[in-house]
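*Asks:* I would like to see how this sequence folds:
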Amino acid sequence: MRFMPLALALAPLLAACSSLPFGGTGDRPDIRVTESPDTGVMRPQGRPGAAGAETGLAPGMEAGMEADGTTPAAPEPGADGLLGETLAGIGAAGGPGNWVETGLVTARRPGRVETQSGATLDVELRPSGAAPSAGSTISVPAMQALGLPLGQLATLRVYAE
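*Replies:* Residues are numbered from 1 along each chain as shown. Model (predicted):
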C-alpha cells in the first residue's frame, strides 16, 4: 500500500517514454556510408620493407619515393657540413654509443648534432632508410649527454664531419 502513490507517479513518466525511438518505430536518421573512398583520399603509408602490407601507394611504389618513382637523395653537406635539421625521438634503448639514425645520410659516417640550446655532441650518423624529411632517432646516451628529456622530441641540427 505504501508503494501505490509511487507507482501512480511513475505511470505518466513511463507513458512518455513510448514516443522515444527505443523500439525502432521512430524516424531513422539519414546516414550515408562510403564503402570505398575515392582515389584522392590520403592513406597512411606502410612501414618500409613490410611484406604484403597495405600501403595505399601505386603498384611498384615504396614508402619514401617521390611521385616520379625515384628515391630522394640525401642532402649534400653545406660549406659548414650542415646536412639539415631533424626532429629526433628516443631510439632503441639497448643500442650502445652516441648515434643518430636519420634519412639525412645514406651510409654510416661520423657527424655532430647541435640542440636548439647550443649543446653539441659528436655522434655516429646512421642511415634510417627513410626520406631525408622524415624524423630521426637518437640513442639514449646521446640524449642524456645533450641534456635532452628522454620522453620528448628534440629539434637537432645535423652536421657531417
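
*Asks:* Strands of this protein, residue ranges please.
*Replies:* Assigned by DSSP state E, the strands in the chain fall at 82-90, 99-102, 109-115, 120-127, 136-138, 154-160.

*Asks:* Dump these to a markdown table, plus mean pLDDT, distance to Ile31 and mean neighbour count.
*Replies:* Where you see a C-beta, it was placed from the backbone N, CA and C, and this is true even at glycine. Listed next are those as a markdown table, based on pLDDT from 0 to 100; distance: least, CB to CB, whole Å; neighbours: other CB atoms under 10 Å:
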| stretch | mean pLDDT | distance to Ile31 | mean neighbour count |
| --- | --- | --- | --- |
| strand 82-90 | 93 | 39 | 18 |
| strand 99-102 | 94 | 46 | 24 |
| strand 109-115 | 94 | 50 | 18 |
| strand 120-127 | 94 | 48 | 18 |
| strand 136-138 | 93 | 43 | 24 |
| strand 154-160 | 93 | 44 | 20 |
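
*Asks:* quick one: which of these is nearest Arg2?
*Replies:* Arg2 lies closest to strand 82-90 among those, at 66.6 Å (CB to CB).

*Asks:* now the angle from that closest one to strand 154-160?
*Replies:* For strand 82-90 against strand 154-160, the angle by axes from the mean of the first three to the mean of the last three CA atoms, to 10 degrees is 140 degrees.

*Asks:* who does strand 82-90 pair up with?
*Replies:* Strand 82-90 has the following strand partners under DSSP bridges: strand 136-138 (parallel), strand 154-160 (antiparallel).

*Asks:* got the CA coordinates for that strand in PDB?
*Replies:* Presented in PDB, the C-alpha positions along strand 82-90 are these (Å, rounded to 0.1, in the frame of the first residue of the first chain):
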ATOM      1  CA  LEU A  82      75.300  21.100 -42.200                       C
ATOM      2  CA  LEU A  83      73.100  18.300 -43.600                       C
ATOM      3  CA  GLY A  84      69.900  19.800 -42.200                       C
ATOM      4  CA  GLU A  85      67.500  19.900 -39.200                       C
ATOM      5  CA  THR A  86      65.600  16.900 -38.000                       C
ATOM      6  CA  LEU A  87      63.100  16.100 -35.300                       C
ATOM      7  CA  ALA A  88      64.500  13.300 -33.200                       C
ATOM      8  CA  GLY A  89      63.000  11.000 -30.700                       C
ATOM      9  CA  ILE A  90      64.400   8.300 -28.400                       C
END
